[in-house]
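Enquirer: coordinates for the following, if possible.
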Amino acid sequence: MSGETDLGQLLATLSPRMEDGLYVFVTVAELPSGLHPRMIFHEAEGITMILLRDQADRLGLPWEFPCRMITLEVHSSLSAVGFMARIATELARRGIAVNPVSGFHHDHLFVPEPRAAEAMQILAEIAVN
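Expert: Down below sits the predicted model:
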């Protein structure tokens, strides 16, 4: 199995990094050409994309949830238990919405743009404790 599963080790080494750019969530019936979304997910109601706001604006796509992307640099296992729950619980306790996305190697957090710096501080606190 690839990636770390030990919760204590995951939390101690989560190493958050804020990505450049302002991201938004968009839903469409069909994928427009020429886009480079960070995430695409097919749902019954349509296709959800997370992409840079500039890309959405350029195509006139309505969007929601302007956010920053925080990548947790620790290589977490897809079967790790409690990692995202611990992070989401602490952000929720402080009133910060989070939309997590798990990739094969890392977890990514999409947090409201005005609260992104605060979210980074909270993640640093989690890693210390």
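Enquirer: hmm, who's touching the lengthiest strand in the chain?
Expert: Secondary structure assigned by DSSP state E gives strand 64-72 as the longest strand of the chain. With contact meaning Cβ atoms under 8 Å, 6 or more residues apart in numbering, strand 64-72 is reached by 14-19, 21-26, 38, 50, 53, 87, 97, 99, 106-113, 116, 119-120, 123. The way it works is simple: take the backbone N, C-alpha and C, and place the C-beta from them, glycine included.
Enquirer: where does the chain dip in pLDDT?
Expert: Residue ranges of the chain with pLDDT under 70: 1, 7.
Enquirer: could you check which helix or strand contains the residue nearest to the spatial centre of it?
Expert: With distances taken as Cα atoms, centre = their mean, the residue of the chain nearest its centroid is L109 (2.3 Å). Assigned by DSSP states H and E, L109 belongs to strand 107-112.
Enquirer: now do that strand: everything it contacts.
Expert: 16, 23, 25, 38, 50, 65-72, 76, 83-84, 87, 91, 96-102, 119.
Enquirer: inside strands: which ones of the contacts of strand 64-72?
Expert: 16-18, 23-26, 50, 99, 107-112.
Enquirer: just the residues you listed now: which is nearest D57?
Expert: V24 (8.8 Å; Cβ to Cβ).
Enquirer: can you report how many residues neighbour that closest one?
Expert: 22 (other Cβ atoms under 10 Å).
Enquirer: ok, it touching D54?
Expert: No: using Cβ atoms under 8 Å, V24 makes no contact with D54, being 9.5 Å away.
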